[in-house]
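Visitor: Generate a structure from the sequence data that follows.
(2 chains)
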Amino acid sequence: MAFKIIVCAKQVPDTNEIKIDPVKKTLIREGVPSILNHDDANALEEALKIKDMYPDTHITVVTMGPPQAKDMLMECLAKGADEGVLVSDRAVGGSDTWATSNALAAAILKLGDCDLLFAGRQAIDGDTAQVGPQLAEKLGLPQVTYVTEFKIDKNMKDITVKRAMEDGYELIKIQTPCMLTAIKELNKPRYMSINGIFGLKNKEIKVWNAKDIEVDLATVGLDASPTNVYRSFTPAPKGKGKMIEADTEKEAAQSLLINLKAKHVI
Amino acid sequence: MAIIVIKDKCKGCKLCIKACPFEAIDMDGKLAVINEKCTACNQCIPSCKFDAIIKTESEDGPVDLSAYKNIWVYAEQRKGKLLNVALELIGEGHRLSREISDDAKVCALIVGNNVEHIAKECFEYGADSVYLIEDPLLENYTTDGYTKVIVDAVKEYKPEIVIYGATHIGRDLAPRVAARLNTGLTADCTRLDVKVSSYIDYAVKNTTLDVSSLDPNSEDKGLKQTRPAFGGNLMATIICPKTRPQMSTVRPGVMQKRERKIGAAGELVKVKPVIAKSDIKIEILDIVKSAKEIVSLTDAEIICSGGRGLGDPSGFELIKKLADKVGGVVGSSRAAVDSGWIDHSHQVGQTGTTVKPKIYFACGISGAIQHLAGMQTSDIIIAINKDPDAPIFEVADYGIVGDLYKVIPQIIEQWDDAEALYDATTK
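Guide: Numbers count the residues shown, from 1 in each chain, chains lettered A, B, ... in the order given. Alright, predicted model coming up:
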């Protein structure tokens, strides 16, 4: 029987490309590309590595988002995933991490049994790192987050992972079914292949709405979310300070030190 | 609750589309339409010149949340040693509890095995009470084991607020606890407020937020949890109005611990956990401390950071010389880490460490938003860069436009003469 892996991924704006309008203090979003979230690319890569080694592996990539997120699923399929599922519905829009995990859990249950659930640690637009563990909780799966190394025994049951800590790592043994979250140290994601792109016509992307995933509507969307945005704003730029003008580097350094001394900083 | 566009008022000017960080507004002819990407972040509301965008409030009636009291701090320990962030959170919890009411307490929650000695340290740093959960099965952190005993304790004692350090453990544990309790959780907060008046004070001093719609005399004592989002490009304040406890993970290094009061004591509550080996689905085979040099950026008073402007990895030798001279530690930008010039543990910024030193030297760092997000609250920022238009100069207290390979050696050479140089100018 095929080994079934579900990879959770998100399409995100490339936040490194975002700049702040220096006058209006608003985000400049024009020309910012949408990309496959970095950590999720690592999660997918690890699933693909398992498939490289055990071809009888089936990888489904699941995402939630607007219709455009299909583009990201196409990318995942062109890299080698077998199937894509997009959960898209106004009813699930505005979900916080709790509500998002309810919707994703419903979609994953609809897909049937899975052996391994792999997600990125966090998405670069929200940086919460919460959906992975919350989804695992909703599905009743054990979890390991911050995975930097992954090994699966050929019995396809016993998994050994390294979990990054701030000051080292933990070596952890866990059994399928389970949920793991990947960080960038785990691997180097591959690119789409020509064969992968040509093979797209044989692969399917399912688009499911809230009704399709049979989710309780009282547990998804903006209204159901326990957290709400109270206010949002751009951070105040710290006022521009003093530019030190000097003819030589020596004078510049002297002027700096005099200023620091005058302010009792040193 | 939702953001809606009043059709009659919308003129189709598209200003709201520019203001929206989430691409959540489309145009349907001359009418703006909110799509499912909307997170109700409110950015579009002030952008509309015609008052055509409003937020509808939730229709839910008030929920009785009064059974929940006190602030709990997850006092994270590893191998019997309390983490610094736990002390910072006790300090912050102390401040918040006094804002809630005279009888609200800050309580430390300690989970582990043979860790009772930590309780004393918690009291001395300001905890009113300590809840202690001990069991041999809780010797090391496991998601399953710790989640179970914490959820049980929260259900029994009903804290109003639970805060965790946003460490690799806190960020693994808190979402699991929140999901099991079906309550809200806000990640990686950098500011917490209870009173609206405190929030207003903070917002006026530090943000671009228009506070005219906030009432400083409001009775609202809900937790206002402020965090960077969108790679630090946007700050959002999150509330959890309908469920309890309100939970946050808080970034290490941003809250203030209280001064230690030797001998301070408080109420110690020993909680008997209900836990069995079968509750824990994983097995920890080994815990390895890294041999690499520990970079304590969060504790450093002076940080000397280098970026891509160094040109090559050897530039960090000069940065290290500067750090040695001024008694600081070496930091870096993400660009330098991504180039493989220096280890990630040195990285300052949104995806690295958030720092708040007395002096921050930014050498050859252009000042990408993600870097600024992690260092712009430093007391004094000194920027050295060739490019006079580098964004780093916008946040710098002192800027020097020049070749860092010429400027830094001069700073090192004259550092010890600073006093004499200053005296010479005052004569």
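Visitor: what's the domain layout of the chain?
Guide: Assuming you mean chain A. Structural domains annotated on chain A: A:3-224, A:236-266, as defined by automatic domain parsing.
Visitor: try chain B instead
Guide: Chain B breaks down into these domains under automatic domain parsing: B:2-56, B:71-279, B:302-426.
Visitor: Tell me how many other residues surround residue 262.
Guide: In the absence of a named chain, this looks at chain A. Residue A:262 sits with 12 neighbouring residues when counted by other CB atoms under 10 Å in any protein chain shown. For glycine as for every other residue, the C-beta is placed from the backbone atoms N, C-alpha and C.
Visitor: Oops, wrong one, chain B.
Guide: Neighbour tally, residue B:262, other CB under 10 Å: 6.
Visitor: still on that earlier bit, please identify the deepest-packed of the domains of chain A.
Guide: domain A:3-224 (a mean of 20; mean count of other CB atoms under 10 Å in any protein chain shown).
Visitor: end to end, how far does that one reach?
Guide: 35 Å (CA to CA, to the nearest Å).
Visitor: How about stretch B:328-345?
Guide: With CA to CA as the measure, stretch B:328-345 spans 15 Å from end to end.
Visitor: Least confident of the domains of chain A, on average?
Guide: Out of those, domain A:236-266 stands lowest, with a mean of 86 (criterion: mean pLDDT).
Visitor: quick revisit: in a markdown table, list the domains of chain A along with distance to chain B.
Guide: Output for those, formatted as a markdown table (distance: least, CB to the nearest CB, whole Å):
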| stretch | distance to chain B |
| --- | --- |
| domain A:3-224 | 3 |
| domain A:236-266 | 4 |
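Visitor: Can you tell me which of those domains is nearest to residue B:18?
Guide: Comparing these against residue B:18 with CB to CB, the closest turns out to be domain A:3-224 (7.0 Å).
Visitor: Could I get the domains of chain A in a markdown table, plus columns for distance to residue B:308?
Guide: As requested, these are exported to a markdown table (distance: least, CB to CB, whole Å):
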| stretch | distance to residue B:308 |
| --- | --- |
| domain A:3-224 | 13 |
| domain A:236-266 | 21 |
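Visitor: Show me the one of those domains that comes nearest residue B:313.
Guide: domain A:3-224 (19.4 Å).
Visitor: For the helix or strand where residue A:72 lies, give me every contacting residue.
Guide: Using DSSP states H and E, residue A:72 maps to helix A:70-79. With contact meaning CB atoms under 8 Å, 6 or more residues apart in numbering or on different chains, helix A:70-79 is reached by A:7, A:9-11, A:34-36, A:44-45, A:48, A:61, A:63, A:83-86, A:189-193, A:196-197, A:199-200, A:203, A:205, A:207.
Visitor: before we move on, what about stretch B:390-407?
Guide: Residues contacting stretch B:390-407 (CB under 8 Å, 6+ apart): A:22, A:237-238, A:240-244, A:246, A:249, A:252-253, A:256, A:259-260, B:309-310, B:315, B:318, B:362-368, B:372, B:376, B:380-388.
Visitor: Mark which of those are part of strands, please.
Guide: Taking DSSP state E as the definition of strands, these contribute A:242, A:243, B:362, B:363, B:380, B:381, B:382, B:383, B:384, B:385.
Visitor: can you tell me which two in those residues are farthest apart?
Guide: A:242 and B:363, at 17.6 Å, using CB to CB across these.
Visitor: now for the longest strand that chain A contains, which elements pack on it?
Guide: Counting residues, the longest strand found in chain A (DSSP E) is strand A:143-152. Contacting strand A:143-152 under the criterion 3 or more CB pairs under 8 Å, 6 or more residues apart in numbering or on different chains; DSSP states H and E are the following elements: helix A:38-53, helix A:131-139, strand A:158-165, strand A:168-175, strand A:178-182, helix B:143-157, helix B:170-181.
Visitor: at 10 Å instead, please
Guide: Contacts defined by 3 or more CB pairs under 10 Å, 6 or more residues apart in numbering or on different chains; DSSP states H and E place strand A:143-152 against helix A:38-53, strand A:116-120, helix A:131-139, strand A:158-165, strand A:168-175, strand A:178-182, helix B:143-157, helix B:170-181.
Visitor: strand partners of it, parallel vs antiparallel please.
Guide: strand A:158-165 (antiparallel), strand A:178-182 (parallel) (DSSP bridges).
Visitor: quick one: it to helix A:38-53, angle?
Guide: 30 degrees (axes from the mean of the first three to the mean of the last three CA atoms, to 10 degrees).
Visitor: Strand A:143-152 to strand A:116-120, inter-axis angle?
Guide: 110 degrees.
Visitor: so how far is chain A from residue B:417?
Guide: Residue B:417 is 8 Å from chain A, where distance means CB to the nearest CB, to the nearest Å.
Visitor: which residue packs closest to that residue, ignoring adjacent ones?
Guide: Spatially, and ignoring its direct neighbours in sequence, residue B:417 is nearest to residue A:257 (7.5 Å; CB to CB, 6 or more residues apart in numbering or on different chains).
Visitor: So which of the strands paired with strand A:143-152 is nearest residue A:115?
Guide: strand A:178-182 (8.7 Å).
Visitor: next helix or strand past that closest one?
Guide: helix A:194-198.
Visitor: Return the list of helices and strands in contact with that next one.
Guide: The helices and strands touching helix A:194-198, judged by 3+ CB pairs under 10 Å, 6+ apart, are helix A:70-79.
Visitor: quick one, the helix it packs on and helix A:38-53 angle?
Guide: Going by the same axes, to 10 degrees, helix A:70-79 makes 30 degrees with helix A:38-53.
Visitor: is the lowest-mean-pLDDT helix or strand in chain B anywhere near chain A?
Guide: Of all regular secondary-structure elements in chain B, judged by mean pLDDT, DSSP states H and E, the least confident is strand B:53-56 with a mean of 83. Yes. Judged by CB under 10 Å from any CB of the partner chain, strand B:53-56 and chain A are in contact via residue B:55.
Visitor: Next one: residue B:72 from residue A:209, what distance?
Guide: The gap separating residue B:72 from residue A:209 is 40 Å, by CB to CB, to the nearest Å.
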